[in-house]
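*Asks:* compute the structure for the input listed below.
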Amino acid sequence: MSDLATEPPSLLRRRARLRRVWHCSLVVAALLTPVSGTPAMAGDVLVFAAASLRGALDAVAEDWARSTGQHATLSFAGSSVLARQIQQGAPADVFVSANPDWMAVIEAEGLVLPGTQ
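*Replies:* Residues are numbered from 1 along each chain as shown. Presented below is the predicted three-dimensional model:
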C-alpha cells in the first residue's frame, strides 16, 4: 500500500473521483433494487444522471435489468441541464447529480421526495 503523502495530486484526485462514482453507483443500485423479491417500481424507471457517471450507471442499469426484468432509461447531461429540465416538469424517477448545489436547488423547490437525497 502506498503512502498517500507521496502520491501526486492528480492520482489523489483520480482516486477521489473513482470513490464518488462508486458511491453514486451504490446509491442508484440501492434505489433500483427490489425489496423482498417485489419490484421496486411498477414499470420502467427514468434516471436523469450526470454525464460524468455514464460508465458506472450503464453497468448498474444492466445489472438491475438482468436481476429484475425491468428497464431503466438513462438520460445523461450536465447536472444543471437536468435540474432545469426537472424544474420545468420533466418526469425523472431518479436524479443523480454530480453537483450537490443543483440537487439542493430542486430539493428546495419541493421536487425531490423528502429524505431521498
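
*Asks:* any low-confidence regions in the protein?
*Replies:* Low-confidence segments of the chain, defined by pLDDT under 70, span residues 1-7, 9-42.

*Asks:* which residues in it form helices?
*Replies:* 9-32, 54-68, 79-87, 100-108 (DSSP state H).

*Asks:* now do the third one and helix 100-108, the angle between them.
*Replies:* When axes from the mean of the first three to the mean of the last three C-alpha atoms, to 10 degrees is applied, the directions of helix 79-87 and helix 100-108 differ by 10 degrees.

*Asks:* and for the second one?
*Replies:* Angle between the axes of helix 54-68 and helix 100-108 is 50 degrees (criterion: the same axes, to 10 degrees).

*Asks:* okay, buried residues for helix 54-68 please.
*Replies:* Buried positions in helix 54-68, judged by neighbour count with 16 or more other C-beta atoms under 10 Å: 56-57, 60-61, 64, 68. Every C-beta, even on glycine, is put in place using the N, C-alpha and C of the backbone.

*Asks:* make CSV out of these and add distance to residue 110.
*Replies:* Compiled in CSV, those are given as follows (distance: C-beta to C-beta, whole Å):
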residue, distance to residue 110
56, 29
57, 25
60, 27
61, 27
64, 28
68, 29
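
*Asks:* between the residues you listed, which is nearest residue 117?
*Replies:* residue 57 (17.3 Å; C-beta to C-beta).

*Asks:* ok, that closest one touching residue 94?
*Replies:* No: counting by C-beta atoms under 8 Å, residue 57 does not reach residue 94; the two are 9.6 Å apart.

*Asks:* please name the nearest non-neighbouring residue to residue 49.
*Replies:* Excluding the flanking residues, the one nearest residue 49 by C-beta to C-beta, 6 or more residues apart in numbering is residue 96, at 4.1 Å.

*Asks:* what number of residues lie near the one you found?
*Replies:* Applying other C-beta atoms under 10 Å, we find 23 residues neighbouring residue 96.
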